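Asks: My questions concern the predicted model and sequence given below.
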4 protein chains.
Amino acid sequence: MKKIRLGMIGGGQGSFIGAIHRRAAALDGHYELVCGAFSSDPANSRHTGEQLNLAPQRVYDSYTEMLITEASLPASERMQAVAIVTPNHLHAAPVILSLQHGFHVIVDKPLALTLEQAKQIALALQQSTCKLALTHTYAGYPMIKEARHRVASGQFGKIRKILVEYPQGWLSTALENNHHKQASWRTDPGQAGAGAVGDIGTHAAHLAEYVSGLKITEVCAELNAMVPGRQLDDDASALLHFEHGASGMLIATQVAAGEENNVSLRIYGELGGLEWSHQDNNLLRVKMSGQPEQIYRSGAAGLCTAANLATRLPAGHPEGFIEAFANIYSAFALDVSGNGNTDQDYPSIQQGLRGMAFIETMMRSAASTQKWTTFEV
Amino acid sequence: MKKIRLGMIGGGQGSFIGAIHRRAAALDGHYELVCGAFSSDPANSRHTGEQLNLAPQRVYDSYTEMLITEASLPASERMQAVAIVTPNHLHAAPVILSLQHGFHVIVDKPLALTLEQAKQIALALQQSTCKLALTHTYAGYPMIKEARHRVASGQFGKIRKILVEYPQGWLSTALENNHHKQASWRTDPGQAGAGAVGDIGTHAAHLAEYVSGLKITEVCAELNAMVPGRQLDDDASALLHFEHGASGMLIATQVAAGEENNVSLRIYGELGGLEWSHQDNNLLRVKMSGQPEQIYRSGAAGLCTAANLATRLPAGHPEGFIEAFANIYSAFALDVSGNGNTDQDYPSIQQGLRGMAFIETMMRSAASTQKWTTFEV
Amino acid sequence: MKKIRLGMIGGGQGSFIGAIHRRAAALDGHYELVCGAFSSDPANSRHTGEQLNLAPQRVYDSYTEMLITEASLPASERMQAVAIVTPNHLHAAPVILSLQHGFHVIVDKPLALTLEQAKQIALALQQSTCKLALTHTYAGYPMIKEARHRVASGQFGKIRKILVEYPQGWLSTALENNHHKQASWRTDPGQAGAGAVGDIGTHAAHLAEYVSGLKITEVCAELNAMVPGRQLDDDASALLHFEHGASGMLIATQVAAGEENNVSLRIYGELGGLEWSHQDNNLLRVKMSGQPEQIYRSGAAGLCTAANLATRLPAGHPEGFIEAFANIYSAFALDVSGNGNTDQDYPSIQQGLRGMAFIETMMRSAASTQKWTTFEV
Amino acid sequence: MKKIRLGMIGGGQGSFIGAIHRRAAALDGHYELVCGAFSSDPANSRHTGEQLNLAPQRVYDSYTEMLITEASLPASERMQAVAIVTPNHLHAAPVILSLQHGFHVIVDKPLALTLEQAKQIALALQQSTCKLALTHTYAGYPMIKEARHRVASGQFGKIRKILVEYPQGWLSTALENNHHKQASWRTDPGQAGAGAVGDIGTHAAHLAEYVSGLKITEVCAELNAMVPGRQLDDDASALLHFEHGASGMLIATQVAAGEENNVSLRIYGELGGLEWSHQDNNLLRVKMSGQPEQIYRSGAAGLCTAANLATRLPAGHPEGFIEAFANIYSAFALDVSGNGNTDQDYPSIQQGLRGMAFIETMMRSAASTQKWTTFEV
C-alpha cells in the first residue's frame, strides 16, 4: 500500500494533540506528512514545519491557503488527507473547506462547536466523495475491540447496566487564569462550546455506546462549574437510559483532584460483566456469574480479529495511547485506499453527530428540573 | 474489663449474618454468649443453642420469652446486651422490647422496616437507660477511620465530589423462586421493605456520610427491578447533593452479574482525593494533586488513633470483614461498660434514622418526575 | 462439639503472637481459655490472666507449676490442650513436659531451637497419646488449600519451577539495640537459634512444600547479616532442588526496607502456573498456557472442599491472618475431639522436623563453598 | 534536526523484532528508512522492501552488497546508520563490516554469539569514527530512568538487595519441533549461542546493573533445559554478588507456563526500596521505611529530567514497549547528530561486552560445583 500524503491544520508549538496525531500517523507507515498550516500565527507555523523537516513551500500561513494551493498541485504530489487538530470552534470551517476541495479529513473530537455545525459537516461530507474520521481514541484500544466483540457475541446476555467514567483532576484549580494554553481554550465558551461534558464526556458516551452496541435514549444530567469563576462546566454526571431497557451512569469530571486520565467502563448483563480501565489498557476483565474472573491481555491467544488487528506486539509487550490513536489512523488509511474492512473500523460522522447531540442534550437536561431529557439526533 | 453477657435474637440455622455477629463478639474477648432465641422455629433455636454449647435453659422458643425470663434473672447472671439479627421486618418489635426490659441492643442494618418504626425505636431508646449499636460494618474498617480522619483534617480542602458504589451480582437471577433463604426475604416487600436500596444502599449512603462528614441533602434516584417478576428494586442509582455544595453519585446494585461485594468510595476535594475499595480493605489510596499516589496500609506507621485502635495486627497481616464487624462490637462493649471514647465510635440511632429516611427518600425520588427530592429526617 | 479447655504458655504483655493465638482459638468457638503461665515474670503472668478474665487460681507463675497442677484437676475441669507461644529456645522443654502430662500441644514455629530438640519432641509425642499442631499460618489460608488442591489434581502437569519469597523490612535497622522486644530475641542466637532463615524462611519452605507436594532435596544458600553488628542472618536466599526434577528459589529477608510481610508463592508446571500473594490473600491467580489468567476468590463457586471448609464468609467478604490462624486451631480441635478429616489438615511434627532440618541445612550450605548441600531429615 | 537515513539488515517476513525497530525509528521522526537487506532470501528481502515503499534499487539481496553499494552513494543520499536485527550468530560480521564502511550501528541484543566476537566488535568500533547502540529496551522506559535516578540520588541509602526477574512461558513446549521460526533459532546453539540466559537473562542483568549502578561481581548459577530434548537452557537462575556488598537474585526463565513477558526489578537499600514491573511499565513503586508506599507515574510532576525526556504524553496516557524502544533510537539519533546529552543515554559497547561476559560466566558457573564464579570482562 502506498503511503497517504497527509497535511495538518493546527498542531503548532503549544499544541498537545498535534504531536500525537503526527506520531499516530507515522507509527504504522501508512502516512507521509507533506504539508501543514500549523498555526494562525505564521511564524509558529513555519517554525513547526521546519522542525518537522517539511519542504518550506509546503508550510502555509493559513489553512485556506493550504487547501487552495494543495488542490492545485499535480495529483501525484498533492496532499490526500488532512488532519484537523485545532480547538473545537475551529473545526467546522476547515473540515468543510477540506471536503469541498476533495481531501479526506481526520478531525479531533468533538466534531464541532455545535450540533448545527456538525450537521453542516455531515452535509458537506455527503456532497463530497471523501471520507471522515473522528479520533475517539479509546475506540482504538484492542481490548475495547474485544469488549465490544464479547458484548455483541451475547456472552453476557441482555445488557442491564453500563457504567462509564472519565475522571481527571487537572482543572481542579483555575489554570485558565495563568495563561495555561490547554486550560484557556477548553474553559472558554467561545472556543470550546462546552466544558468537561464536551472534552471528555463525549469520549465517555462514545465508549459506552461503542462497546455496548446500545444507544443512549435519555439522560438525567448535572453539570457543575466547581472552580469559582469558571465559565464552563468542569464536572458532569448523568443517569442514563439506553435502548432495550439498559440503565447506566456517566461521570466526566476534571476536578477529581489527584486523578490523571483514568477512563473506565463496566458493562453488566444477565450472565456476567466486563471491566476495562485506561490505566490497565492492555487487559480486559471478564466476570461471569459463578466463574472465576478472567483477565484477557492484548496479544494473547483467544481474542477476536478486531482486537488482533489492533495489536502490534505479542502478549506481555504493552502498547498505549499512541498505538490506540494509530489504530484509528491505520483503519482510515486502509479505508481511504480501498482496503477497508469491518474489523478495522473507525469513528466517523455518525459518531460525531451523536457526540454533539450528547453535549447539547446534557446541557439541556442540566438546565431542566425534569428528571429525564430525551436524547435524539 | 469484665465480659458482657450477650444474648441473640435470630441467627439460627440458615442465617448468614448470625454467625458473623457471634464471631465478631467472640474475637476480642469482650462478650460471652449466654442465651438466645435463634429462630421462630423452636427446634431450630434449640439445635442452634446446643451447637453453641449454651445451657439448655437459656435457649428460648421466642424472643419475648427470652427477654422476660432473662430480665428476671439475678443481675450477675442475666444477659446485659442483645444482638438482633432477624430480617428487617422483625427488628422493631424485639429492639423496643429489649430496650424496655433494660437490655443494650446491637441490631443489624437497616434499623427497621420503615422510618416510622425507626422513630418508635428512637423514642424507646430515649426513654431507656440503654445504648444501641447499628452494624454498618464498613464503618468498622481501620482504613475507613483513616479516610474519615484525613477528610476531617482538611488535607483535601473543601470536598467537591463523593462517589460511592456497592455492586453485587448475586441477585442477577430470580433466586427467590428457588427457595433461596437469603434471597427470599430480601426480595419480599413484607419482610425487607426495600430491595437493593435498603440492603446495600444504606451501607453506601452511611459510608459516604461517615467518611465525608457531610450529609446528603437531595437525591435524584432511579430504582429498577431488573430481574423479571421481582417485587423489589434490585438496582439503585442516584445523583446526590451534599451539604456545602458537594455533589456525588451512589450506585447500589445486586444485578452487576459477576461482582461479589466490592463496596468502594472515592472522595475528591480541592487539593486531592482518596479511594477505598472493599476488595483491598487494608489499604487507602491518597492522591494529592501534583504528588505521587500514596498507599497507606493498616498497621503501618503514620495512621490516626482511630485507625490504630481498629487494628489488631502489624502491617502486612491482613484483617477482614469479621475484624471490622468486631470493631463495632468492641467499641460498643467499651461504651456500655463506661470506657467509651471518641476514637472508638460505632453507628447508632442517628445513623439508623438517616438510613431509613434515605430508603424512603430514594423511593420517593424514584417515583417522581422531578429531578431532585429533598432528603431530611 | 464441646469446647476444648485451653491453656497458654507465654503470651504475656509485650508478646506479639500470644494475642493472635488467643483470637484464633476464640474465633470459631472451639476453645475456651481456662488457664495460663503467660510469662516467666509472675507479675506479668498474673496481670495478663486478669485482663483475660481468668480465674486467679488458674493463672500460674511458671509453666511447670501449671502443667503439674492442671494434671491434678478433675478431668472435667482440667486443661486439655496447651498453646506454647514462647521464643524458640523455650519451646522444647514445655512441649515435652506438656506431652508427658497428657496435654495436646499447639506450638508456634519453628518447632524448636535445633533439629536435635525437635527429634526429642518427636520422641515424646510418639510416647504419648497426644497430638501436636505447629502454627505455620500460611497453610491455613483457603486459597493456599485451593492452590495445593490444583497442583495435586495435575492441572499444571509436572511441576518445574517453585518460587517462594518472604520479604520483610522491619529489621532494616538495628532495632535490637533499642530494647525492641520482638527484635531482641529474634536476633539473639541463644534465643532464636537462627535469624531470618528460621523466623520466616521456615514459613516459606513449608509453604513451597505444602502446596507443591514436593520435598526440597538440595539447597544452595546464602545467609547474610546485612545490618552491621547483627549476630544472626537477616537475609537468606537459596536456589532449590525439589523431588522429581523441579527447581526453585527461596528468598527470606528482613532487610527489604519498605516491605511489610508479603509472602508470595509461584509454581509453574508444564501446562500453566499459579500465583498467591499474602497481600491479596483471598485470591489465587491461575495462569494456563494459551488461556486468560483466572482469579479465584475465597468463598466463590468452584473451589475445593478444603478451601471451602477454611472459609467462613461468602465471596467478596475478606478474611485475613487471624482467620487463617484459626483454621489451624479449628482443624486441630476437630482432630483432638475425634472429628478430624483430610480436608482440614494442620501442620504437625513432620513439618516441624523438616523445618528444623531446613534451618540447619541452609546454615550448612551457607558456610560451604560447594554449590549444593543435601537436605534430608 | 535532519532525519537520519537508516538501513536495515534482517527484519524480513517472519521476523518479530524487525517491525518493532522500524516503528521505533519512525515514532519520533528522527529516522527515514531508505534501504534494506531484509533477508538472506532475496525474494523475501525484495518483498519486504516493496511493502515498506522503498525504492527498489535500495533493496538488496545481501548485507554485503548493501554496505558496499550504499558506501558508494553520494553523501547526501547514502544511508547513515544501519539497524541489525538478525539472529545472534549473524550480528558480528555485519556489525563489523558496517563500522568499517563508516555506518553507525544499532544492533539487537545480545551483541554477538560469543564474548570473543563482542571484543572484535569493540575493536572495530574503536577503529572507526562511528557509534553503536544496543537495544536493551527496558533501559528505555521512563520509570526505569526514574528508578535509576532515585538510586543514584541516595534516597535508599546503601543498596543491599537487588532482585530481578524475567519470566516467560512461551517455550514451555518444544515449539522448535514445529517449525516455529522464533523458537527454532533461539533454541539452536549454532544460531543463538545461549538460551534463556542469553535471550532474556542479558536483559535482566543489564536492567539490574543499569538501575542499581552496581556491577555484578560473582554469580552462582543454575541453567536448566526443562523441555525434554531442548539443546539450550530454557531456565536460568542465579544468586548474585554485586559491588559494595549488595546481594541479589536473577531469574530468567522461558518455561514459566502462563507468563507472558513480565520483567520485574526490586531494589532495597538501608532506607527503602523500589519496584518496577513491565506489566505496569508506566509506574514506579517507592517504599520508604515507615512511610506509605508511593506510586510515581510517567508524565506526572516531580520526575527526573531523564524520565521526562523519555515521555511523550501527559500523565494518565499510557506509553509502552515501542515508545521505550524509540527512546533508545531517539537518544542515538541525538548523539549521532551531535546533540547527545547525559539525560538521553543508550546502551552501547560496554553493555554489550558485559552482556556477553554475563552469558559466559553464567554458563561457566552452571557447569561448576563451586558456589561462586567471578564475573569480569
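Replies: In hand now; what should we look at? Numbers count the residues shown, from 1 in each chain, chains lettered A, B, ... in the order given.

Asks: pretty sure residue A:311 is touching residue A:298, no?
Replies: Yes: under the criterion of Cβ atoms under 8 Å, residue A:311 makes contact with residue A:298 at 4.9 Å. Where you see a C-beta, it was placed from the backbone N, CA and C, and this is true even at glycine.

Asks: so what sits against both of those two?
Replies: Overlap between the neighbourhoods of residue A:311 and residue A:298 consists of A:142, A:319, taking contacts as Cβ atoms under 8 Å, 6 or more residues apart in numbering or on different chains.

Asks: Show me which of these two is the more surrounded one.
Replies: For residue A:311 versus residue A:298, neighbours defined as other Cβ atoms under 10 Å in any protein chain shown are more numerous around residue A:298 (28 against 24).

Asks: what's residue A:280 in contact with, if anything?
Replies: Contacts for residue A:280 (Cβ under 8 Å, 6+ apart) come out as residue D:280.

Asks: and if you look at residue A:174?
Replies: Under the criterion of Cβ under 8 Å, 6+ apart, the contact list for residue A:174 reads A:227, A:228, A:229, A:230.

Asks: same check, this time on residue A:78
Replies: Counted by Cβ under 8 Å, 6+ apart, residue A:78 has contacts A:5, A:70, A:71, A:72.

Asks: Tell me the buried residues in stretch A:40-60?
Replies: Neighbour counts over stretch A:40-60 (16 or more other Cβ atoms under 10 Å in any protein chain shown) mark A:42, A:45, A:46, A:47, A:48, A:49, A:52, A:54, A:58, A:59, A:60 as buried.

Asks: try stretch A:342-355
Replies: Within stretch A:342-355, judged by 16+ other Cβ under 10 Å, the buried ones are A:344, A:345, A:346, A:347, A:348, A:349, A:351, A:352, A:353, A:354, A:355.

Asks: Specify the local secondary structure of the fourth one.
Replies: Reducing the assignment at residue A:347 to three states with DSSP: H, G, I helix; E, B strand; the rest coil gives coil.

Asks: pretty sure it is in contact with residue A:206, am I right?
Replies: Yes: using Cβ under 8 Å, residue A:347 and residue A:206 qualify as a contacting pair, with a distance of 6.7 Å.

Asks: Return every residue with contacts to both of these two.
Replies: Looking at what touches both residue A:347 and residue A:206 (by Cβ under 8 Å, 6+ apart), the common residues are A:109, A:136, A:139.

Asks: between these, which is closest to residue C:121?
Replies: The nearest member of those to residue C:121, counting by Cβ to Cβ, is residue A:139 at 66.2 Å.

Asks: and the most centrally placed residue in chain A, what does it touch?
Replies: When chain A is reduced to its mean C-alpha position, the closest residue under Cα atoms, centre = their mean turns out to be residue A:136, at 1.9 Å. Contacts for residue A:136 (Cβ under 8 Å, 6+ apart) come out as A:109, A:202, A:203, A:206, A:207, A:210, A:328, A:347, A:351, A:355.

Asks: Show me just the buried residues among those residues.
Replies: A:109, A:202, A:203, A:206, A:207, A:210, A:328, A:347, A:351, A:355.

Asks: Reformat those residues as CSV; add secondary structure.
Replies: CSV is the format used below for those (three-state DSSP):
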residue, secondary structure
A:109, coil
A:202, helix
A:203, helix
A:206, helix
A:207, helix
A:210, helix
A:328, helix
A:347, coil
A:351, helix
A:355, helix
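
Asks: Tell me which of those residues has the lowest pLDDT.
Replies: Ranked by pLDDT, those bottom out at residue A:109, which scores 94.

Asks: how close does it get to residue A:136?
Replies: When Cβ to Cβ, to the nearest Å is applied, the distance between residue A:109 and residue A:136 equals 6 Å.

Asks: who touches both of those two?
Replies: Here residue A:109 and residue A:136 have A:202, A:203, A:206, A:347, A:355 as joint contacts, going by Cβ under 8 Å, 6+ apart.

Asks: returning to that earlier point: which of the contacts of residue A:78 has the most neighbours?
Replies: residue A:70 (24 neighbours).

Asks: Let me know whether it touches residue A:7 as I believe.
Replies: Yes: counting by Cβ under 8 Å, residue A:70 sits close enough to residue A:7 to count as a contact (6.4 Å).

Asks: what residues are shared contacts of the two?
Replies: Residues touching both residue A:70 and residue A:7 (Cβ under 8 Å, 6+ apart): A:35, A:79, A:103.
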